[in-house]
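Below is the structure, and that's it, no one-letter string:
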């Protein structure tokens with residue numbers, strides 16, 4: 001895999017940064033189209049999507065740097081280099097959710113309808129961003145059993161030296177599939193589901209369950225926050241539980257005329 005796509009003098013185009021930008025604009029375009037289809041103000045979602053991206057990336061990076069501070073303490077400014085990868089899911093969820101609640105409250109918008117509108121865009125954006133992880137070599141899997149594995153050899157990738165050339169479980173590709181499956185389910189169901197909040201609940205459940213399972217195949221340092229679960233597993237578990245609770249709530253909620 002190739003962490004760097006292009007290098008001209010001091011300028012370097014990182015695969016991770018490029019995929020993150022493509023993910024943002026793809027998700028935004030789909031979200032604006034969905035807002036237009038449901039007769040909502042597109043301006044609401046332009047600011048929301050940008051704020052979600054910035055807050056999620058900031059939270060993910062802060063969590064990653066804090067967790068792996070030993071790698072940054074000798075060169076703190078390297079923490080600003082997002083192009084090389086290194087984000088932690090748990091921090092992105094906390095910061096992104098916080099921004100979302102504050103933004104929707106400030107705009108006095110219906111929370112469940114907003115969540116349903118952005119869910120497909122978030123899913124496809126997540127899938128595209130994982131291509132960047134594949135290129136950078138972050139979020140790598142543990143050594144694979146048998147022939148089912150992917151090999152990293154680029155000297156600039158984030159896979160540690162002792163694992164380069166070793167077949168690893170393709171966790172980045174599995175995460176990409178997670179996003180694509182969630183997107184497919186949401187995009188197919190968005191015109192068929194009438195109750196607000198159902199799409200969001202399904203997204204939380206599907207994504208949380210698949211992400212929880214994929215974590216078992218990760219090879220990078222995951223930590224053990226609770227009952228042996230990594231921070232990402234714990235966040236995914238809580239996310240799926242919230243989705244189940246939301247689904248039970250919206251199913252018993254009368255459909256507004």
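Looks like it arrived, so ask away. Computed from a predicted model, the values in this text were never measured in an experiment.

Could you pull up phi and psi at residue 154?
Residue 154 adopts backbone torsions of phi -60, psi 130, taken as degrees, to the nearest 10.

give me the number of residues near it?
Residue 154 has 15 neighbours, counted by other Cβ atoms under 10 Å. Bear in mind the C-beta positions are built from the backbone N, C-alpha and C, glycine included.

Verify the stated contact: it with residue 136.
No - look at residue 154 against residue 136 with Cβ atoms under 8 Å: they stay out of range, at 9.4 Å.

which stretches of the stretch 151-257 of the chain have low pLDDT?
222-227, 254-257 (pLDDT under 70).

Going along the chain, name the helices of it.
171-189, 198-214, 231-251 (DSSP state H, counting those that start in this stretch).

how big is the angle separating the first one from helix 198-214?
Meaning helix 171-189. If you take axes from the mean of the first three to the mean of the last three Cα atoms, to 10 degrees, helix 171-189 sits at 160 degrees to helix 198-214.

Sort out which residues of helix 171-189 are buried, please.
171-172, 174-176, 178-180, 182-183, 185-187, 189 (16 or more other Cβ atoms under 10 Å).

ditto for the longest one
Along helix 231-251, these residues count as buried under the neighbour rule (16+ other Cβ under 10 Å): 231-237, 239-240, 242-243, 246-247, 250.

Make sure residue 22 is actually in contact with residue 128.
Yes - in this structure, residue 22 is within contact of residue 128 by Cβ under 8 Å, at 5.5 Å.

how about the buried residues of helix 231-251 in TSV, adding distance to residue 160?
TSV is the format used below for the buried residues of helix 231-251 (distance: Cβ to Cβ, whole Å):
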residue	distance to residue 160
231	20
232	19
233	21
234	24
235	24
236	24
237	27
239	29
240	31
242	34
243	34
246	39
247	40
250	45
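
On the three-state scheme, the residue most central in space within the chain is what?
Among the residues of the chain, the one closest to the centroid is residue 126, at 4.4 Å (Cα atoms, centre = their mean). Classification of residue 126 by DSSP: H, G, I helix; E, B strand; the rest coil places it in helix.

OK, contacts around it?
By Cβ atoms under 8 Å, 6 or more residues apart in numbering, residue 126 lies in contact with 23, 175, 178-179, 182, 207.
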